[in-house]
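Trainee: after the sequence you'll find the predicted model.
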Amino acid sequence: MLPLVETALQVTLDAGTGYRDRVIVLGAGVLGLLTGLLLQRSGWRPLIAEPLQWRRDVASSLGVTTAAPAELVSEEVPLVIDASGNPDAPAMALDMLAHEGTLLVASWFGTKPVVLPLGGAFHRRRLTIRSTQVSTVPARLSGTWSRSRRRQETVELLPELPLAQLCTNVFDLSDAAEAFRAVDQGKPGLMHAVLNYDRSAAGDL
């Protein structure tokens, strides 16, 4: 889980400061939930938008406020973070932003096309779209943050976060194909799949 926690930490750093400000996180997958928890620790008031009820239930059990996306059509917040992986989410996020608000895109869409409504409302409200990525530390943070510091902070966060509750499905290494199918099909109740390698059963390599 360390890479996911480190990614969530970088997203939170890229979000900046927002004491008691509302921030909407799109997607209650593991990255969205970890980001919501870290934003909460840093002073924001995160609201996770997630269409699946069972994922909202998981988020609520961890102390993060949730809502179905359809319930947020009238929201106007200074920051929306897209961690959904859904190509339709960024367009929806722009409608949730207040004047001069920012959409921070954590989703990795790969080759999937993303259509954005960059017409009048986008310009009139002076909206900003930014990416966030864990492979680097942005220049504006380089005075106080480095990759080594971020990694160390991540290690210290591991015992403080409910990671065991997010590792919902454990598969033997021999069942890796089944694990990938379950993730690809969005198996209900599966938050994070773990591949278990039993060295003693495999023998010495």
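Mentor: Thanks, I have it. The shown structure was predicted, so the numbers you read here are calculated from the model rather than taken from an experiment.

Trainee: end to end on stretch 88-107, go ahead and measure it.
Mentor: 11 Å (CA to CA, to the nearest Å).

Trainee: buried residues, it. List them.
Mentor: 89-90, 92-94, 96-97, 101-107 (16 or more other CB atoms under 10 Å). Backbone N, C-alpha and C define where each C-beta goes, glycine included.

Trainee: from those, which two are the most distant?
Mentor: Farthest apart among those by CB to CB are 101 and 107. That separation is 17.6 Å.

Trainee: pull the distance from stretch 34-48 to the chain's centre.
Mentor: Mean-position distance between stretch 34-48 and its chain equals 10 Å (CA atoms, centre = their mean, to the nearest Å).

Trainee: what about that stretch, how long is it end to end?
Mentor: Stretch 34-48: ends 11 Å apart by CA to CA.

Trainee: buried set for it?
Mentor: So stretch 34-48, judged by 16+ other CB under 10 Å, has buried residues 34-40, 44, 46-48.

Trainee: mind putting the residues you listed in TSV, pLDDT included?
Mentor: Putting the buried residues of stretch 34-48 into TSV (pLDDT from 0 to 100) gives the following:
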residue	pLDDT
34	98
35	98
36	98
37	98
38	98
39	98
40	97
44	97
46	98
47	98
48	98
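
Trainee: what's the lengthiest helix in the chain packed up against?
Mentor: Longest helix in the chain by number of residues (criterion: DSSP state H): helix 2-15. On a contact count with 3 or more CB pairs under 8 Å, 6 or more residues apart in numbering; DSSP states H and E, helix 2-15 meets helix 30-41, strand 77-82, strand 97-105, helix 147-157.

Trainee: now the angle from the shortest one to helix 30-41?
Mentor: If I follow you right, that is strand 77-82. 150 degrees (axes from the mean of the first three to the mean of the last three CA atoms, to 10 degrees).
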